[in-house]
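Q: Pasting a predicted model and its sequence here:
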Amino acid sequence: MKSIYFILGMVCFALGAIGVILPILPTTPFLLACAFCFARSSSRVNNWFLSTQLYKNHLDSFVQQRAMTLKTKICILTFASIMLAFPLIFSSNIYIRIMIVCLYLIKYYYFIFRIKTISKPVQSI
(Lines give C-alpha, C1' and ligand atoms only; values in the text may rest on other atoms or scores of the structure.)
Protein backbone atom coordinates (compact mmCIF):
# COMPACT_ATOMS: atom_id res chain seq x y z
CA MET A 1 0.00 0.00 0.00
CA LYS A 2 2.85 2.39 0.79
CA SER A 3 4.37 1.84 -2.64
CA ILE A 4 1.07 2.83 -4.29
CA TYR A 5 1.08 6.12 -2.36
CA PHE A 6 4.71 6.68 -3.36
CA ILE A 7 3.87 6.15 -7.04
CA LEU A 8 0.83 8.45 -6.77
CA GLY A 9 3.05 11.04 -5.09
CA MET A 10 5.52 10.88 -7.97
CA VAL A 11 2.68 11.24 -10.52
CA CYS A 12 1.23 14.24 -8.65
CA PHE A 13 4.70 15.79 -8.39
CA ALA A 14 5.19 15.35 -12.14
CA LEU A 15 1.80 16.92 -12.90
CA GLY A 16 2.60 19.80 -10.55
CA ALA A 17 5.93 20.34 -12.29
CA ILE A 18 4.25 20.29 -15.70
CA GLY A 19 1.72 22.78 -14.34
CA VAL A 20 4.52 25.32 -13.97
CA ILE A 21 4.91 25.30 -17.75
CA LEU A 22 1.31 24.80 -18.89
CA PRO A 23 -0.99 27.63 -17.81
CA ILE A 24 -4.10 25.42 -17.88
CA LEU A 25 -2.81 22.90 -15.33
CA PRO A 26 -2.96 24.23 -11.75
CA THR A 27 0.20 23.47 -9.78
CA THR A 28 -0.89 23.90 -6.16
CA PRO A 29 -3.49 21.10 -5.93
CA PHE A 30 -1.09 18.60 -7.44
CA LEU A 31 1.71 19.58 -5.09
CA LEU A 32 -0.63 19.30 -2.09
CA ALA A 33 -1.73 15.88 -3.33
CA CYS A 34 1.95 15.01 -3.74
CA ALA A 35 2.64 15.98 -0.10
CA PHE A 36 -0.38 13.93 1.03
CA CYS A 37 0.71 10.84 -0.93
CA PHE A 38 4.31 11.07 0.23
CA ALA A 39 3.10 11.50 3.82
CA ARG A 40 1.02 8.33 3.48
CA SER A 41 3.96 6.43 2.02
CA SER A 42 6.30 7.05 4.97
CA SER A 43 5.65 7.57 8.67
CA ARG A 44 8.78 9.74 8.92
CA VAL A 45 7.55 12.11 6.18
CA ASN A 46 4.07 12.07 7.75
CA ASN A 47 5.43 13.12 11.16
CA TRP A 48 7.46 15.89 9.55
CA PHE A 49 4.47 17.15 7.56
CA LEU A 50 2.20 17.15 10.64
CA SER A 51 4.72 19.30 12.54
CA THR A 52 5.04 22.03 9.87
CA GLN A 53 3.46 25.46 10.34
CA LEU A 54 1.54 25.07 7.06
CA TYR A 55 -0.30 22.06 8.44
CA LYS A 56 -0.89 23.52 11.89
CA ASN A 57 -2.14 26.89 10.65
CA HIS A 58 -4.22 25.92 7.64
CA LEU A 59 -4.88 22.21 7.26
CA ASP A 60 -5.26 20.77 10.78
CA SER A 61 -8.78 22.10 11.37
CA PHE A 62 -9.87 20.92 7.93
CA VAL A 63 -8.52 17.42 8.46
CA GLN A 64 -9.97 17.11 11.96
CA GLN A 65 -13.39 18.75 11.50
CA ARG A 66 -13.81 19.25 7.73
CA ALA A 67 -14.00 22.96 8.53
CA MET A 68 -11.77 26.03 8.14
CA THR A 69 -11.49 29.40 9.73
CA LEU A 70 -12.75 32.36 7.74
CA LYS A 71 -9.22 33.75 7.45
CA THR A 72 -7.94 30.48 5.95
CA LYS A 73 -10.84 30.31 3.50
CA ILE A 74 -10.24 33.86 2.32
CA CYS A 75 -6.50 33.26 2.01
CA ILE A 76 -6.96 30.10 -0.07
CA LEU A 77 -9.69 31.58 -2.26
CA THR A 78 -7.69 34.74 -2.92
CA PHE A 79 -4.52 32.86 -3.80
CA ALA A 80 -6.35 30.37 -6.04
CA SER A 81 -8.32 33.15 -7.75
CA ILE A 82 -5.16 35.09 -8.53
CA MET A 83 -3.46 31.97 -9.88
CA LEU A 84 -6.46 31.15 -12.10
CA ALA A 85 -6.73 34.75 -13.31
CA PHE A 86 -3.47 34.57 -15.26
CA PRO A 87 -4.54 31.83 -17.69
CA LEU A 88 -8.00 33.39 -17.90
CA ILE A 89 -6.56 36.74 -18.98
CA PHE A 90 -3.73 35.55 -21.20
CA SER A 91 -5.40 32.61 -22.91
CA SER A 92 -6.92 33.20 -26.32
CA ASN A 93 -8.68 29.82 -26.50
CA ILE A 94 -12.37 30.13 -25.65
CA TYR A 95 -12.61 26.54 -24.36
CA ILE A 96 -9.82 27.14 -21.86
CA ARG A 97 -11.55 30.30 -20.66
CA ILE A 98 -14.86 28.46 -20.24
CA MET A 99 -13.12 25.71 -18.29
CA ILE A 100 -11.42 28.24 -16.00
CA VAL A 101 -14.72 30.02 -15.33
CA CYS A 102 -16.23 26.63 -14.45
CA LEU A 103 -13.32 26.03 -12.07
CA TYR A 104 -14.01 29.41 -10.45
CA LEU A 105 -17.67 28.54 -9.96
CA ILE A 106 -16.94 25.09 -8.53
CA LYS A 107 -14.22 26.45 -6.24
CA TYR A 108 -16.40 29.19 -4.78
CA TYR A 109 -19.41 26.89 -4.40
CA TYR A 110 -17.32 24.30 -2.58
CA PHE A 111 -15.65 26.76 -0.23
CA ILE A 112 -18.81 28.76 0.54
CA PHE A 113 -21.40 26.00 0.84
CA ARG A 114 -19.57 22.72 1.48
CA ILE A 115 -16.76 23.61 3.87
CA LYS A 116 -17.97 24.73 7.28
CA THR A 117 -16.61 27.94 8.76
CA ILE A 118 -15.34 27.77 12.34
CA SER A 119 -14.07 30.42 14.68
CA LYS A 120 -10.50 30.10 15.86
CA PRO A 121 -10.40 28.92 19.47
CA VAL A 122 -9.10 31.46 21.96
CA GLN A 123 -6.06 30.15 23.82
CA SER A 124 -5.62 31.23 27.42
CA ILE A 125 -2.21 32.27 28.66
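A: Thanks, I have the structure now. Numbers count the residues shown, from 1 in each chain.
Q: What distance do you get for the residue most central in space within the chain to residue 118?
A: When CA atoms, centre = their mean is applied to the chain, the residue found nearest the centroid is residue 29 (4.2 Å). Distance of residue 29 to residue 118, given as CB to CB, to the nearest Å: 22 Å. Every C-beta, even on glycine, is put in place using the N, C-alpha and C of the backbone.
Q: Same question for residue 82.
A: From residue 82 across to residue 118, the span is 25 Å (CB to CB).
Q: Name the surrounding residues that touch the helix or strand where residue 95 lies.
A: Using DSSP states H and E, residue 95 falls within helix 94-109. Helix 94-109 has contacts (CB atoms under 8 Å, 6 or more residues apart in numbering) with 24, 26, 77, 80, 81, 84, 87, 88, 91.
Q: how about 6 Å then?
A: 24, 84, 87, 88, 91 (CB atoms under 6 Å, 6 or more residues apart in numbering).
Q: by contact count, what packs against the helix or strand of the chain with the lowest mean pLDDT?
A: Here the helix or strand of the chain ranked lowest by mean pLDDT, DSSP states H and E is helix 60-65, holding a mean of 75. If you count contacts as 3 or more CB pairs under 6 Å, 6 or more residues apart in numbering; DSSP states H and E, helix 60-65 packs onto strand 67-69.
Q: swap the cut-off to 8 Å and go again
A: With contacts defined as 3 or more CB pairs under 8 Å, 6 or more residues apart in numbering; DSSP states H and E, helix 60-65 has these neighbours: strand 67-69, strand 116-118.
Q: what about residue 94, how many neighbours?
A: The local packing count at residue 94 equals 8, with neighbours defined by other CB atoms under 10 Å.
Q: should've said residue 38
A: That count, for residue 38 with other CB under 10 Å as the rule, works out to 20.
Q: and what of the one 5 residues further on?
A: Taking other CB under 10 Å as the criterion, the count of residues near residue 43 is 10.
Q: Now do it against residue 54, distance only.
A: Residue 43 sits 19 Å away from residue 54, going by CB to CB.
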